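**Q** Curious how this folds, go ahead:
(3 chains)
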Amino acid sequence: MQITYWNKEVETADDSSLKSLQLKRFKETIGWALQTPFYKRRLGKVGINSAYDIKSLDDLKKIPFATKDDLRQNFPKGLLSLDMKDIVRIHSSSGTTGIPTVIYFSREDIDNWSDLVARCVVTTGAGPGDVFQNMMTYGLFTGGLGLHYGAERVGMTVIPIGGGNTKRQIKTMKDFQTTVVHATPSYLLHIHSVLAEEKIKIDELSLRKAYIGAEPHSENIRLKIEQLYGIDAYNSYGLSEMNGPGVAFECVYKCGMHIWEDAYITEIIDPATGQALPDGEIGEVVFTNVIRRATPLLRYRTRDLACIIPGKCQCGRTHRRLSRITGRTDDMLIINGVNVFPSQIEEVVMKIPEVGTNYLIEVDKVGALDKLIVKVEIYSKMFRGDASQLDALKGKIKDELRASITISPSVELHEPGFLPVSEGKAKRVIDNRPKE
Amino acid sequence: MAKQLNIFVENRPGRLEAISKNLHASQINVRAFTIQDRGDYGLMKLIVDNPNKAYLALADLGCACALKDVLAIRIPDKPGNLHKLTMALAQAKINILDAYGFVIQSNNVGVCCMEIENLEQSGAAEIVKDAGFEILEDEQLYEI
Amino acid sequence: MKIKQLSVFLENKKGRLFDVCSLLGSNGINIRALTIAETESFGVLRIVVDKTEQASKLLSENNFTANVTDVVAVEVGDKPGGLAAVLKILNDNNVNIEYMYGFVEKFSENALLVFRFEDAQTAADILVKNKVKVVTKQEIEGL
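**A** Predicted coordinates for the structure are as follows:
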């Protein structure tokens, strides 16, 4: 197989060079972190008051883990290390309740991130001459812009189409003979079913590669996509707290995603005890970002469960590979690539006076896509007898939910006492999607 | 103004049975009813002989129900009368939210129950009377 | 174990509640527990009285609409935690409460809690089994 590198020296660096680079960047990052109110306090408490206090990578273990709660509680500027005038980009994601989290980027941070994504693109064997259709959402969500900047840097022809409007996606793939796409696996499967409806054959397209991510999926799903389209599909992993896409990506051998260890110091821990786990054992993935100045984040607990795949990859890259994400340590749902916390839904529906005390969240698979249904019992005393009141209530619930979780669920109204009541701890989420 | 009982019912078998059982236990008689299927739920509308008592009986078991003012119109059972009524309302731009009708005595009399938007302000009662129809007051309706 | 409750329809007119209470009071009928549920257009008064049949007749003769239902009345010591203990027993036995209300009797140290259950008999049996003092019909009448 043909192997092309974007930064060959870094990608094939031996262990001691890599560790040396990590240490250098770690020290720099500590210096930046100490410029933030949050880390000044936190690092001070463990005796780190300057970058000189870092002697080795082992010092990382002195630092307490960071969580999504830390980001929420320190919103908006608790983790900002620079002046706002030095910030050229802000990305934000919704938190478990109404308070969002924010990541700031300086010009250099964007540059570093784009370079990493460019590395990912080249790792899959794509390059100038490829036509890239970016089907991930643009906006505050990092999926769209993240890949966009990296793909442009490599020199692919980028079509910033964003998500949705399947018929237009198909027409665009045909008109411009797209060779590479970036989308959630479920969306690609959905597009395939629409191709059949539109009577467009696969050989009318020029698709070669797909980058799939943002939602958990099995090897079977990847193989299905490859088989249906006749392409190679590469797994992609990222999270906004670590910039966005580009944290880990598969190479042409497609056997695990290379984590760019010159940018992310990675630990796998036992979620209950915080102890480090060896390669090959599944645990919670923890990252320390050492290439982002504006928003330093150290030992961030992702709540994703995965393992480091032991052994060397045939491609010659020395950066270790991350397995598929096998689950979460919390109750977060992923609906068509969008993160949704049940607590966000609860917060919205319980605030509406016409809603009673019982609700249920159901997730189904309809065709290739996920469907979110929020079922609520109405509050009997508030019922005035009109269908119009109930329609307005449904509309209100939908609007408020959409504002909070960014996707539009279906809403069902039920008679008080008719939603299942679980024994013991309330089971609020029923996920009917098959575990492939 | 005559009262109709509107009940929010879960869309599954047995609700109508449960409600009629409950009403029967409180010695309440149903004079007319209709059910609208709204997908995830249904809206049941009943004319009973004692709406207030029916409300008490149903609310006691946690039913979501409400009493709605309705216009109960007595229509002599002859061809053309329904059109005469609806024409009078249409000309006055009265918005009918919901309606159902039934014959009480063949060739003699029928009743039409209507939910009117903003019933009091709309003046619908006067318009119906002016068109020559009788409006049934509470007791008359419940004793049909 | 079950006792009777009267629910009375209150038109949204001034003084309706007063009318009901004075009607009962002037006829020697004692209210043991009371609660009111309100909607935009009317209210529902729920009462436990010592002479239910008499009260029901009186109300209907005076143009009030009333309905009789079975409820369960429970006596707990009038101190913090009394209600919580009863609720725990019901919850542990998966008994669903439609609604409830309480009343403190000034002649005793106990509080009276009235519960409406879908199945009053079963709920009453569970409470008795768990050593909760369930008030009998005779006690309500004689209190």
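
**Q** Quick one: mean pLDDT for the longest strand anywhere in chain B?
**A** Determined from DSSP state E, the single longest strand within chain B is strand B:64-76. Strand B:64-76 shows a mean pLDDT of 91.

**Q** neighbouring contacts of the next helix or strand after that strand?
**A** Next along the chain after strand B:64-76, taking DSSP states H and E as the criterion, comes helix B:81-91. Here helix B:81-91 makes contact (CB atoms under 8 Å, 6 or more residues apart in numbering or on different chains) with B:73, B:75, B:96, B:101, B:110, B:112, B:124, B:127-128, B:130-133. For every residue, glycine as well, the C-beta is placed using N, CA and C.

**Q** Quick one: residues contacting residue A:2.
**A** A:125, A:252.

**Q** ok, it to residue A:315 distance?
**A** Separation of residue A:2 from residue A:315 (CB to CB, to the nearest Å): 10 Å.

**Q** shared neighbours of the two, anything?
**A** residue A:252.

**Q** is residue A:327 in a bridge, and if so with what?
**A** Under DSSP bridges, the beta-bridge partners of residue A:327 are residue A:305.

**Q** Let me know whether it touches residue A:303 as I believe.
**A** No - judged on CB atoms under 8 Å, residue A:327 makes no contact with residue A:303 at a distance of 9.5 Å.

**Q** Mind checking which of those two has more residues around it?
**A** Legend: neighbour count by other CB atoms under 10 Å in any protein chain shown for residue A:327 and residue A:303, higher for residue A:303 (19 against 13).

**Q** Does that one touch residue A:284 like I think?
**A** Yes - assessed by CB under 8 Å, residue A:303 is found in contact with residue A:284 at 6.5 Å.

**Q** still on that earlier bit, can you tell me the strand partners of the longest strand of chain B and which way each runs?
**A** Partner strands and pairing direction for strand B:64-76 (DSSP bridges) are strand B:2-10 (antiparallel), strand B:109-116 (antiparallel), strand B:134-135 (antiparallel).

**Q** what's the most buried one of those?
**A** Most buried of the strands paired with strand B:64-76 by mean neighbour count (mean count of other CB atoms under 10 Å in any protein chain shown) is strand B:2-10; its value is a mean of 23.

**Q** What's the first helix or strand after it?
**A** Moving toward the C-terminus from strand B:2-10, the next helix or strand (DSSP H and E) is helix B:15-25.

**Q** Which elements pack onto the helix or strand just after that next one?
**A** Downstream of helix B:15-25, the first helix or strand assigned by DSSP H and E is strand B:30-37. Secondary-structure packing of strand B:30-37 (3 or more CB pairs under 8 Å, 6 or more residues apart in numbering or on different chains; DSSP states H and E): helix B:15-25, strand B:41-48, strand B:96-105.

**Q** Check the offset of strand B:30-37 from the chain's centre.
**A** Distance, stretch centre to chain centre, for strand B:30-37: 8 Å (CA atoms, centre = their mean, to the nearest Å).

**Q** swap in stretch A:78-93?
**A** 20 Å.

**Q** quick one: the helices in the stretch 151-300 of chain A?
**A** In the stretch 151-300 of chain A, the segments counted as helices under DSSP state H, counting those that start in this stretch are A:166-176, A:185-197, A:219-229.

**Q** mean confidence score for the second one?
**A** Going back to what we said before, that points to helix A:185-197. The average pLDDT within helix A:185-197 is 91.

**Q** do the same with the first one
**A** For helix A:166-176, mean pLDDT rounds to 96.

**Q** which parts of it are buried?
**A** For helix A:166-176, the neighbour count (16 or more other CB atoms under 10 Å in any protein chain shown) marks A:166, A:169, A:170, A:172, A:173 as buried.

**Q** buried residues in stretch A:352-363?
**A** Going by neighbour count (16+ other CB under 10 Å), the buried part of stretch A:352-363 is A:354, A:355, A:356, A:358, A:359, A:360, A:361, A:362, A:363.

**Q** Which of these sits closest to chain B?
**A** Relative to chain B, the closest of the buried residues of stretch A:352-363 is residue A:356; by CB to the nearest CB it sits at 8.6 Å.

**Q** how close does that closest one get to residue B:10?
**A** Distance of residue A:356 to residue B:10, given as CB to CB: 13 Å.

**Q** okay, now residue 76: neighbour count?
**A** Chain wasn't specified; assuming chain A. 13.

**Q** The intended chain is chain C.
**A** By other CB under 10 Å, 18 other residues sit near residue C:76.

**Q** do the same with residue A:395
**A** So residue A:395, with other CB under 10 Å, has 11 neighbours.

**Q** Phi and psi next, for it.
**A** The phi/psi pair for residue A:395 (degrees, to the nearest 10) reads phi -60, psi -40.

**Q** With residue A:26 instead?
**A** phi -60, psi -50.

**Q** ok, back up a step: save the strands paired with strand B:64-76 as a markdown table, and put in distance to residue A:134 and mean pLDDT too.
**A** Shown next, in a markdown table, are the strands paired with strand B:64-76 (distance: least, CB to CB, whole Å; pLDDT from 0 to 100):
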| stretch | distance to residue A:134 | mean pLDDT |
| --- | --- | --- |
| strand B:2-10 | 45 | 93 |
| strand B:109-116 | 52 | 89 |
| strand B:134-135 | 66 | 92 |
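
**Q** what about those strands, which gets the closest to residue A:342?
**A** strand B:2-10 (23.2 Å; CB to CB).

**Q** what's the angle from that closest one to strand B:30-37?
**A** 40 degrees (axes from the mean of the first three to the mean of the last three CA atoms, to 10 degrees).

**Q** which residues does the residue in the stretch 201-350 of chain A that chain B sits nearest to contact?
**A** Residue nearest to chain B within the stretch 201-350 of chain A (CB to the nearest CB): residue A:349, separated by 15.0 Å. With contacts taken as CB under 8 Å, 6+ apart, residue A:349 has the following neighbours: A:355, A:359, A:374, A:376, A:397, A:401.
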